[in-house]
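In: Structure of the sequence below:
(one chain, ligands or ions: 1)
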Amino acid sequence: MSKQIGSPSRTRAIMNQYGIHAKKGFGQNFLTNPDVLSGIVRAAGITKDDNVIEIGPGIGALTEKLAQAAGEVVALEIDESLLPVLDDVLAPYGNVTVLNQDVLKANLADLVQTAFKDPTKPVKVVANLPYYITSPILFALLASQVEWAAVCVMMQKEVADRLVAKPGTKDYGALTLAIDYRMDVKVAFNVSRKSFVPAPNVDSAIVVLTQKSAALPVSPFNEDRLFGLIRGCFAHRRKSLWNNLKTIVGKDEDRLGKVKEVLDRLEIDSQTRPERLSLVDFINLANAMHEKEL
Ligand code: SAM
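Out: All right, here's what the predicted structure looks like:
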């Protein structure tokens, strides 16, 4: 039996055999550390009862591990030239479908209904993400309205730090809040840059997102307005909350007076920095501003 795809020697052999040169433009850094590959599958808690979507199978290192653990795997790969390679190396696994597709253009809700033999099984997303589009992919997964049983993804460590940041820290911001609104987040483990071919310039982390275990104590009247406010408040994070709000509502004295009333009522110090506000603070602020037609 041949060695697993993600072993350093097999990866080298596959790359030589098919003349593969990792494409920077597609964020191609292939995992060649079998312990990390097993660790990802474990962190995602994959069982035969799961359907798995993999984003960016590359030459199939993680796909193979997923095929061994999951019920079915659907892998979306943007790089057409890797499809014949994946066809060959994954031939022993009858439960894998590889689609030549850009994940950012895919209709994920449709895909989970049509691509799996049994669409009633829980669906997990597992991926060593292309780092150049980590945030857009996370937003696409959240916007899809699919109730992912888990999203277990490798990303640049700096981005993982932002996802789990606490209020008042430099990493806390719009991305933290957007994820925190929908999902529970934990970092499963860190991964050295030496685990990839070619080695990226940064270290990485495996992040696991799951559906929120506890409902938020308040709900926004309007999600778009909430996230518009959050983005606006973090537009100039060195400025005070007040100065950012002034940019959002404009210079009109009457409107600014209403903002002041809202902040006083919510007992939020206008001179604080936006990163001091929790998600619940932002929801209360967005709702109160909505009520005042701000
Ligand atoms: N899963 C492989 C591994 O762990 O060795 C490869 C991971 S590599 C970091 C990222 C993969 O995502 C590459 O195969 C790349 O071609 C693919 N990719 C990049 N942009 C993509 C997109 N928009 N949609 C689907 N796949 C994409």
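In: hey, where'd the strands end up in the protein?
Out: 30-31, 51-55, 72-77, 96-100, 123-128, 150-156, 183-191, 196-197, 204-211 (DSSP state E).
In: Leaving out the residues flanking it, which one is nearest to the closest residue to the ligand within the chain?
Out: Nearest residue of the chain to the ligand (CB to the nearest ligand atom) works out as residue 56 at 2.0 Å. (Glycine included, C-beta is placed from N, CA and C.) The shortest distance from residue 56 to any non-neighbouring residue, by CB to CB, 6 or more residues apart in numbering, is to residue 130 (5.5 Å).
In: how deep is that neighbour tucked in, by neighbour count?
Out: Applying other CB atoms under 10 Å, we find 21 residues neighbouring residue 130.
In: cool, and the one 3 residues further on?
Out: As a burial measure, residue 133 scores 19 neighbours (other CB under 10 Å).
In: Ok, residue 215 next?
Out: So residue 215, with other CB under 10 Å, has 7 neighbours.
In: One more: residue 84?
Out: 10.
In: who touches it in this structure?
Out: Going by CB atoms under 8 Å, 6 or more residues apart in numbering, residue 84 touches residue 18.
In: can you check residue 57 too?
Out: With CB under 8 Å, 6+ apart, residue 57 has these contacts: 63, 75, 76, 77, 82, 86, 98.
In: Among those residues, name the buried ones.
Out: Among those, those classed as buried by 16 or more other CB atoms under 10 Å are 63, 75, 76, 77, 82, 86, 98.
In: Need the residues you listed in a markdown table (columns: distance to the ligand and pLDDT).
Out: As requested, those are exported to a markdown table (distance: CB to the nearest ligand atom, whole Å; pLDDT from 0 to 100):
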| residue | distance to the ligand | pLDDT |
| --- | --- | --- |
| 63 | 7 | 98 |
| 75 | 8 | 98 |
| 76 | 5 | 98 |
| 77 | 5 | 98 |
| 82 | 6 | 98 |
| 86 | 9 | 98 |
| 98 | 11 | 98 |
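In: quick one on the thing from earlier: which of the contacts of residue 57 lies closest to residue 22?
Out: residue 82 (10.5 Å; CB to CB).
In: wait, isn't the closest one in contact with residue 20?
Out: Yes. Taking contacts as CB atoms under 8 Å, residue 82 lies within contact range of residue 20: 7.5 Å.
In: what sits up against stretch 90-99?
Out: By CB under 8 Å, 6+ apart, stretch 90-99 touches 57, 60, 63-64, 66-68, 70-77, 83, 86-87, 115.
In: sorry, back to before: now the strands of the chain as TSV including distance to residue 256?
Out: As requested, the strands of the chain are exported to TSV (distance: least, CB to CB, whole Å):
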stretch	distance to residue 256
strand 30-31	53
strand 51-55	45
strand 72-77	48
strand 96-100	52
strand 123-128	44
strand 150-156	39
strand 183-191	35
strand 196-197	51
strand 204-211	38
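In: Next, the contact list for residue 269, please.
Out: Contacts of residue 269 by CB under 8 Å, 6+ apart are 241, 263.
In: swap in residue 144?
Out: Residue 144 neighbours (CB under 8 Å, 6+ apart): 108, 109.
In: Against residue 207, how distant is it?
Out: Per CB to CB, to the nearest Å, residue 144 is found 18 Å from residue 207.
In: Just give me the neighbour total for the nearest residue to residue 220 once chain neighbours are set aside.
Out: Leaving aside its sequence neighbours, residue 220 sits nearest to residue 226 (CB to CB, 6+ apart; 4.0 Å). By the measure other CB under 10 Å, the count of residues near residue 226 is 23.
In: For residue 226, give its distance to residue 235.
Out: Shown here: residue 226 relative to residue 235, a distance of 15 Å by CB to CB.
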